[in-house]
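Novice: Got a predicted model here, sequence first, then my questions.
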Amino acid sequence: MLYMDLEYCKGVLFVRLDGALTKRNTYRINNYLAPVLKKHRIKFLVYNLFSVVNVDDAGIDALLRTKHAIKSNHGSVYLCEVPEHLKKTFKRLRVKETESELTALNILKV
């Protein structure tokens, strides 16, 4: 199961994921999050991956879709609190990493 907590603050959408980011669960990102990003023209997205336990190729593809939606809005995506055992997997996204959500907010200076 994948739980997704969304919080919009100061022009930045924070997405906290909890659970397994696998093919079985990516429909939440593909069918809900990506359209919201396009519809509301959100420019800045921060993923908090602290509670992600597993990720597969479909999960990476879902995150890439949101990255492309943000790029089409001329924004940027950050990952924070990536679990040590998944750092290598998330490197394929070529997304900036920060230590915490607060650090990302300070970098964006929104």
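Specialist: Ah, there it is.
Novice: And the residue nearest the centre of this protein?
Specialist: Centroid check for the chain by C-alpha atoms, centre = their mean gives Y47 as the closest residue, at 3.4 Å.
Novice: Now do the longest strand along the chain, average pLDDT.
Specialist: Across the chain, the longest stretch assigned as strand under DSSP state E is strand 44-55. Strand 44-55 shows a mean pLDDT of 96.
Novice: Distance check, K109 against N48.
Specialist: For K109, the distance to N48 equals 19 Å [C-beta to C-beta, to the nearest Å]. Where C-beta positions appear, they are placed from N, C-alpha and C, glycine not excepted.
Novice: Could you pull out the strands in this protein for me?
Specialist: Shown for the chain, the strands assigned by DSSP E span residues 2-9, 12-21, 44-55, 76-80, 96-98.
Novice: Including distance to K87, could the ones you listed go into JSON lines?
Specialist: Formatted as JSON lines, the strands of the chain follow (distance: least, C-beta to C-beta, whole Å):
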{"stretch": "strand 2-9", "distance to K87": "19"}
{"stretch": "strand 12-21", "distance to K87": "14"}
{"stretch": "strand 44-55", "distance to K87": "10"}
{"stretch": "strand 76-80", "distance to K87": "9"}
{"stretch": "strand 96-98", "distance to K87": "8"}
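Novice: now for those, which one comes closest to A62?
Specialist: Closest approach to A62 among the strands of the chain (C-beta to C-beta): strand 12-21, 7.3 Å.
Novice: In the closest one, which residues are buried?
Specialist: Going by neighbour count (16 or more other C-beta atoms under 10 Å), the buried part of strand 12-21 is V12, L13, F14, V15, R16, L17, D18, A20, L21.
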